[in-house]
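1. Could you look at this predicted model? Sequence included:
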Amino acid sequence: MKVSSKGEYALRALLVLGQQQGKVVPIQEISEKTLVTVNYLEQILLQLKKLDYVSSKRGAKGGYLLHKGATEINIGEVIRDLEGPLSPMSCASITKYEPCPLEGGCQLKPLWSLVRDTIAFVLERTTLEDLLENRLTLFKGEELNVIK
């Protein structure tokens, strides 16, 4: 899994909107706080709007606001929606699986599967509110079950 600038900037924008939950935030303000150009931010926010994470308001006092509460925005879902599968290799992907030529005898697949599961475990247990409140813990007291 590689998070592109689009994914990074989308999370930054969601954090800015989450800090002012319920308020309409002008795109210029989001741009200043995220260090992302207005033009690129417009594209990202349009995609977040289509995915139902944000809403927009037109006009002189227009801008963007969260469409869902910060506790309802799951970071794993956001990353999957914007970036695709969490797996580092397609042979270990659950949603976009593609076999590799060494499928039966590949000794790397368990490693890629463990990486996928660990990434998914952390991201799926993290909400926007967790990020806003700086409540990140590696496994939140749960054990990671390794699938063989």
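-> Cool, the structure landed.
2. My read is that T37 contacts S31, right?
-> Yes. With contact defined as CB atoms under 8 Å, T37 reaches S31; the gap is 6.5 Å. From N, CA and C alone the C-beta is placed, and that goes for glycine too.
3. Would you mind measuring from the residue of the chain positioned farthest from its centre to A92?
-> Centroid-distance maximum for the chain: G105 at 33.3 Å, with CA atoms, centre = their mean. Per CB to CB, to the nearest Å, G105 is found 15 Å from A92.
4. Which helix or strand in the chain has the lowest average pLDDT?
-> When the helices and strands of the chain are scored by mean pLDDT, DSSP states H and E, helix 109-124 comes last with a mean of 87.
5. what's the next helix or strand after it in contact with?
-> Next along the chain after helix 109-124, taking DSSP states H and E as the criterion, comes helix 128-132. Outside helix 128-132, the residues within contact range by CB atoms under 8 Å, 6 or more residues apart in numbering are 11, 14-15, 18-19, 66, 69-71, 73, 75, 135-136.
6. Same question for stretch 65-77.
-> Counting by CB under 8 Å, 6+ apart, 11, 14, 17-18, 20-25, 49, 52-57, 86, 120, 123-132 sit against stretch 65-77.
7. With stretch 17-33 instead?
-> 12-13, 16, 36-38, 41-42, 45, 54, 57, 61-66, 69-70, 73, 128-129, 131-132.
8. Let me see the ranges of the strands in the chain.
-> 54-57, 63-66 (DSSP state E).
9. Generate a PyMOL selection restricted to the buried subset of the contacts of stretch 65-77.
-> Those of those that count as buried under 16 or more other CB atoms under 10 Å are selected in PyMOL with:
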select buried, resi 11+14+17+18+20+25+53+54+86+120+123+125+126+127+128+130+131+132
